[in-house]
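> sequence unavailable; structure follows:
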């Protein structure tokens, strides 16, 4: 849902559009989590609850602030997700949503953090063609386009490069050509090619800040050279959008599997008759 903060979006003059990456411009890591839960018979959202339970000091959060490397992350992520205390946290989550969950008989699983991470990043290896098209059209229209992403950096040694290849193999994308048509449903781009789509590529691992910390939104505006009121921001996570809106961004939530709906909302907010969707796109 698009949100317009205190004043009508029609009264605003937008200069920049910021895009989250995972779940917006590329596939959603949450799909990898859901796949892991299905394959191992875990309750829906069990792992998301476990990740959230650790707050800002969780393994994933530390990785995205570049406080730990990938190998330390794998150990910490496995330990965090296998913690028996996650069962009680999930029981509370289920109770609030009137979901049936037998806490007494459920045994905390041993989660392989590396396997889960490979699945998550495999989903995020595929680019959403309609978003790539929209970004190009925005730049043609004179808007500043920035990625604003919670991310991590692979180790650059041989072991780290092999890990990247394994993740691509998990996605089944190793044999995909980077010159695939943008209209293809399985367009794959390397990191440098993805970065070249944007005027600015703003990374949590570089800044040492991650969404939803309000500081990262203010810093991103400073980097780009705009005011928060001049930004439209697309993300798939409500907490990130709420924090951005509080800073002054106009926000659009990108629903899983519905990128064209979000792009249509962006067209409406920007106005001026701008067309961002491919002609063959289906809403």
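Ah, there it is. Keep in mind that this is a model prediction, so the values were computed, not measured. Residues are numbered from 1 along each chain as shown.
> listing request: residues of this structure with sub-threshold pLDDT.
Applying pLDDT under 70 to the chain flags the ranges 1-11, 170-188, 190, 280-283.
> and the strands in it?
Here the chain has its strands, by DSSP state E, at 16-19, 144-149, 200-203, 231-235, 250-253.
> would you point to the one among these that's packed deepest?
The highest mean neighbour count among the strands of the chain, using mean count of other Cβ atoms under 10 Å, belongs to strand 231-235: a mean of 27. Bear in mind the C-beta positions are built from the backbone N, C-alpha and C, glycine included.
> returning to what we had before: I'd like to know which of the strands of the chain is closest to residue 97.
strand 250-253 (19.4 Å; Cβ to Cβ).
> my read: residue 150 touches residue 206, true?
No: with contacts counted by Cβ atoms under 8 Å, residue 150 stays clear of residue 206, the gap being 11.3 Å.
> of those two, who's got more company?
residue 150 (24 against 12; other Cβ atoms under 10 Å).
> quick check: end-to-end length of stretch 207-218?
12 Å (Cα to Cα, to the nearest Å).
> with stretch 95-102 instead?
Stretch 95-102: ends 11 Å apart by Cα to Cα.
> could you do stretch 54-71 as well?
Stretch 54-71: ends 19 Å apart by Cα to Cα.
> also stretch 90-102?
Stretch 90-102 stretches 10 Å from its first residue to its last (Cα to Cα).
> I'd like to know how many residues surround residue 214.
The number of residues packed near residue 214 is 15, by other Cβ under 10 Å.
> pretty sure it contacts residue 248?
No: in this structure, residue 214 is not within contact of residue 248 by Cβ under 8 Å, at 10.0 Å.
> okay, residue 97 and residue 44: tell me how far apart.
10 Å (Cβ to Cβ, to the nearest Å).
> and those two? which has more neighbours close in?
Each of residue 97 and residue 44 has its neighbours counted (other Cβ under 10 Å); residue 44 has more, 13 against 9.
> give the closest residue to the more buried one in space, chain neighbours not counted.
Nearest residue to residue 44 in three dimensions, chain neighbours excluded: residue 37, at 6.3 Å (Cβ to Cβ, 6 or more residues apart in numbering).
> got a list of what the one you found touches?
43-47 (Cβ atoms under 8 Å, 6 or more residues apart in numbering).
> of the residues you listed, buried ones?
For these, a burial check counting by 16 or more other Cβ atoms under 10 Å picks out 43, 45-47.
> could I get those residues in CSV, plus columns for distance to residue 117?
Shown next, in CSV, are the buried ones among the contacts of residue 37 (distance: Cβ to Cβ, whole Å):
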residue, distance to residue 117
43, 20
45, 18
46, 16
47, 11
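> which one of these is nearest residue 158?
Nearest to residue 158 among the buried ones among the contacts of residue 37, with distances taken as Cβ to Cβ, is residue 47, at 30.4 Å.
> verify the stated contact: that closest one with residue 38.
No: between residue 47 and residue 38 there is no contact under Cβ under 8 Å: 11.1 Å.
> where do the helices sit along the stretch 151-283 of the chain?
Ranges of helices in the stretch 151-283 of the chain, per DSSP state H, counting those that start in this stretch, are 158-171, 191-195, 204-207, 214-224, 238-247, 259-270.
> quick one: which of the ones you listed is nearest residue 18?
Residue 18 lies closest, by Cβ to Cβ, to one member of the helices of the stretch 151-283 of the chain: helix 214-224, at 6.6 Å.
> tilt between that closest one and strand 231-235?
Orientation check (axes from the mean of the first three to the mean of the last three Cα atoms, to 10 degrees): helix 214-224 against strand 231-235 gives 130 degrees.
> which helices and strands does helix 214-224 pack with?
strand 16-19, strand 144-149, strand 200-203, helix 204-207, strand 231-235, helix 238-247 (3 or more Cβ pairs under 8 Å, 6 or more residues apart in numbering; DSSP states H and E).
> what are the buried residues along it?
Those would be 216-217, 219-221, 224, for helix 214-224 by 16+ other Cβ under 10 Å.
> which one of these is nearest to residue 25?
Of all the buried residues of helix 214-224, residue 220 has the smallest distance to residue 25: 15.6 Å, by Cβ to Cβ.
> where along the stretch 1-150 of the chain do the helices fall?
Counting by DSSP H, counting those that start in this stretch, the helices of the stretch 1-150 of the chain are 29-39, 46-53, 59-64, 70-82, 85-96, 113-123, 129-140.
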